[in-house]
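Chemist: test case, fold it:
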Amino acid sequence: MARDGEVGGETLSELLGGWRSAVETAVPVLAFAAGWLAGGRSIPLGAGVAVLAGAGVAAWRVAERRRPIGTVVSLLVVCLGALVALRTGRAEDFFGVRVLTNAASALAWAASILVRWPFLGLVVGTVLGQKARWRADADLLRAYQRASWVWVGQYLVRLLVFVPLWWTGQVLWLAAAQTVLTWPLVAACLAVSWWVLRRSLPQGHPGIRHPRVLQPR
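Modeler: Residues are numbered from 1 along each chain as shown. The predicted structure is shown next:
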C-alpha cells in the first residue's frame, strides 16, 4: 500500500524536487552572500563564488541523473542574477531574478487552475501515466485545483518577504530568507497540499491512481 504523499512509488516531495531542489536554490545564494561579505561587499567576488557554487551543484545533480532540465534552469537563474548584480552594481539585485521567478510562478500556477489544467494534476498525472484522463473526473480535477492553490500561496509568501528586503537592499537578510523559505516552506506546502487533495475527494472515491472516467453511452 502506498504511503501518504506517495505517487507511483515516489513521494510527492520527490516528484516536485525534494530537498535536492532546495540545495540547488540555497547553496549559490549562501555562496554569493559569503563571497560578497568576505570581499568587503565585493559584488564581483560574490557573483563569482555563486556561479562556481551553482556549477558545482549542477554537476552533482547531473551525476545523480536527476532533473537535468531543472538543474540547467537553476544554474541559469544563478548566472543571470550574477550578471544583473554586476550590471547594476547593487548586490541585492542578485536576488531580483528570484523575485521575478516567484512572481511568474505564482501567476502561472494560478492561471493553470483558472483554465482547469492545474499544475499539480499535470505533474502527478504524468508520473502515473494517466495523460489527461484525470481531468475527466470532476471530483479529482476539483481536488487538484484546490491543492494547487496551496502552491500559489507558497510563492506569494516568498514575495511578501523578498520584495521589502530587496527594496531596502538587505542582502544578508535576503540570503537568510531565501534559505529558510526553500525546503522548510516547500515541505510545509507539500504536506498541506497533499492533505487538501485527500480531503477534497468525496467519500468512496478510489483515489488519485484511479480517476473515474465516464464512459460514453
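
Chemist: next up, the contacts around S105.
Modeler: The contact partners of S105, by C-beta atoms under 8 Å, 6 or more residues apart in numbering, come to Y155. (Each C-beta comes from the backbone N, C-alpha and C, glycine too.)

Chemist: dump the host helix or strand of it to CSV, keeping only the CA atoms.
Modeler: Using DSSP states H and E, S105 falls within helix 96-114. Extracted in CSV, the C-alpha atoms of helix 96-114 (Å, rounded to 0.1, in the frame of the first residue of the first chain):
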residue,chain,number,x,y,z
GLY,A,96,15.9,40.3,-8.1
VAL,A,97,15.7,37.4,-10.6
ARG,A,98,14.4,35.1,-7.9
VAL,A,99,11.7,37.7,-7.0
LEU,A,100,10.6,37.7,-10.6
THR,A,101,10.7,33.9,-10.9
ASN,A,102,8.5,33.6,-7.8
ALA,A,103,6.1,36.2,-9.2
ALA,A,104,5.9,34.4,-12.5
SER,A,105,5.4,31.0,-10.8
ALA,A,106,2.5,32.3,-8.7
LEU,A,107,0.9,33.7,-11.9
ALA,A,108,1.5,30.5,-13.8
TRP,A,109,0.1,28.2,-11.1
ALA,A,110,-3.0,30.5,-10.7
ALA,A,111,-3.6,30.6,-14.4
SER,A,112,-3.3,26.8,-14.6
ILE,A,113,-6.1,26.5,-12.0
LEU,A,114,-8.3,29.0,-13.7
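
Chemist: lowest-confidence helix or strand of the chain?
Modeler: Among the helices and strands of the chain, strand 10-11 carries the lowest confidence by mean pLDDT, DSSP states H and E, at a mean of 50.

Chemist: residues near P164, how many?
Modeler: Look at P164: counted by other C-beta atoms under 10 Å, it has 12 neighbours.

Chemist: now the helices for this protein?
Modeler: Assigned by DSSP state H, the chain shows helices spanning 12-15, 18-38, 43-63, 68-88, 96-114, 119-127, 138-167, 171-180, 183-200.
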